[in-house]
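Visitor: Attaching a predicted model along with its sequence, questions to come.
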Amino acid sequence: MIPYGRQSISTADIEAVTSVLKSDFLTQGPQVPRFESNIAQLTQSKFAIAANSATSLLHVACLALGVTKQSTVWTSPISFVASANCALYCGAKIDFVDIDPLTANMCPKALEEKLAKASKNDSLPKVIIAVHMAGHSCEMKQISQLAKHYGIKVIEDAAHAIGGKYLNFPIGSCQFSDITIFSFHPVKIITTAEGGVATTNNPQFAKSMRMTCSHGITKKPVDLYQTDEGAWFYEQHSLGFNYRMTDLQAALGSSQLNQLSSFVNRRNLLASGYQKHFNETEIEVILPLNNSLSAYHLLIVKLPEHCNRKRIFEAMRDAGIGVHVHYIPIHLQPYYQALGFKKGNFPAAETYYQSCLTLPLFPDLTTEEQDFICDTLKELVR
């Protein structure tokens, strides 16, 4: 089976992890700060905070931005459920902004219209979470301008997007947001097995997220309320969580960063191959913005209306091609329908879902495999 995504692990990656296994620290050692520094340098951000998952970081990012039971958070309905769940973890309300059918990302026009209505009704969100679907950047300049106009904070859910760029800024630079979140799950661009990193240029947000990821505890003398009693001394300042990343994960991440550029280049090359295959067919490839460089976590196509997607999905898998679907609209999940959402709330997202199909895309995918995938799909569509 050709999977839709797969990690690429080198000998250097294995040696990096092995060296940590032979060291004095498996966790809370020097590798996590090193990895954070590497990410900050890559993204041209001032601060980077590593954690055990992007989901955890979405949670602490919301807390750092002041999301409470009195708050509302808006995000895209086309994403993994974590993009919305993080608001609920804080006790906040969640709502969605419909997508642009061409990009599958949050639609700036729909956002503008919804914000205007919310302003009149005194129901503006505290935070907007913009999701870079498939690794394709949202129109962050427009989203940022709207958010600033209404005094709203912005999180970039860049779980799919490390190594990408928007308006020549690295995604994660936070030029158009308050906090950016990356994921390093094995099928993402680079991996730490599980894990994630948040970037920000705000020292208070960085401090809050770092403490919340480690039980709300600090050992820094400058932050202590009481007299420092010695090297063992620490204070708990808030109710935090154990969201820490291990040194094993961080060592793997730092090693993987050495290959990030080649991974992104290869993914873009493969994406161009898919576009050429489907040129002059009824199969439509979801493409990134012209003013951006996509990390191409996913290669998503939209099937023609006459196609039976379930039949094509099953036939592709029977042929040994691990296609997938990203994503079921969050508001159609039973849990969210119990919160009051229903079919018809976000029609563009629902229409997109009916025809989308994810094709295999990872650096080790061969040209021969790609040809087989495309030829099989084209024949099924015909």
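Guide: Received, thanks.
Visitor: give me phi/psi at the spatially most central residue of the chain?
Guide: Nearest to the mean C-alpha position of the chain, counting by Cα atoms, centre = their mean, stands A159 at 1.7 Å. Backbone torsions of A159, given as degrees, to the nearest 10, read phi -50, psi -30.
Visitor: Pop out the phi and psi values for the nearest residue in space to it that is not next to it in sequence.
Guide: Excluding its sequence neighbours, the residue lying closest to A159 (Cβ to Cβ, 6 or more residues apart in numbering) is S183, at 3.6 Å. Backbone N, C-alpha and C define where each C-beta goes, glycine included. Backbone torsions of S183, given as degrees, to the nearest 10, read phi -120, psi 140.
Visitor: Please apply the same query to D95.
Guide: Backbone torsions for D95, taken as degrees, to the nearest 10, come to phi -150, psi 170.
Visitor: Contacts only, for the residue nearest to A159.
Guide: Counting by Cβ atoms under 8 Å, 6 or more residues apart in numbering, S183 touches S53, A54, A159, H160, G195, G196.
Visitor: What residues of stretch 313-328 count as buried?
Guide: Using 16 or more other Cβ atoms under 10 Å as the test for burial, stretch 313-328 gives F313, A315, M316, A319, I321, G322, V323, H324, H326, Y327.
Visitor: Distance from it to the middle of the chain?
Guide: Relative to its parent chain, stretch 313-328 has a centroid offset of 22 Å by Cα atoms, centre = their mean, to the nearest Å.
Visitor: The residue nearest to A159 bridge partners, please.
Guide: Using DSSP bridges, the bridge partners assigned to S183 are G196.
Visitor: how close does it sit to R317?
Guide: S183 sits 25 Å away from R317, going by Cβ to Cβ, to the nearest Å.
Visitor: And for S272?
Guide: 25 Å.
Visitor: Please name the residues that touch the nearest residue to G66 once chain neighbours are set aside.
Guide: Setting aside the residues directly before and after it, G66 is nearest to K126 in space (Cβ to Cβ, 6+ apart), at 6.5 Å. Applying Cβ under 8 Å, 6+ apart, one finds that K126 lies in contact with L65, G66, V67, S71, T72, V73, A92, I152, K153.
Visitor: What is the burial count for the first one?
Guide: A count of nearby residues for L65, using other Cβ atoms under 10 Å, gives 23.
Visitor: Would you mind confirming that it is in contact with M209?
Guide: No - counting by Cβ atoms under 8 Å, L65 stays clear of M209, with 9.8 Å between them.
Visitor: Show me whatever sits in contact with both of the two.
Guide: Common neighbours of L65 and M209 (Cβ under 8 Å, 6+ apart) are I179.
Visitor: in stretch 202-212, what counts as buried?
Guide: Buried residues in stretch 202-212 (16+ other Cβ under 10 Å): N202, F205, A206, K207, S208, M209, R210, M211, T212.
Visitor: Thanks again, I'm all set now.
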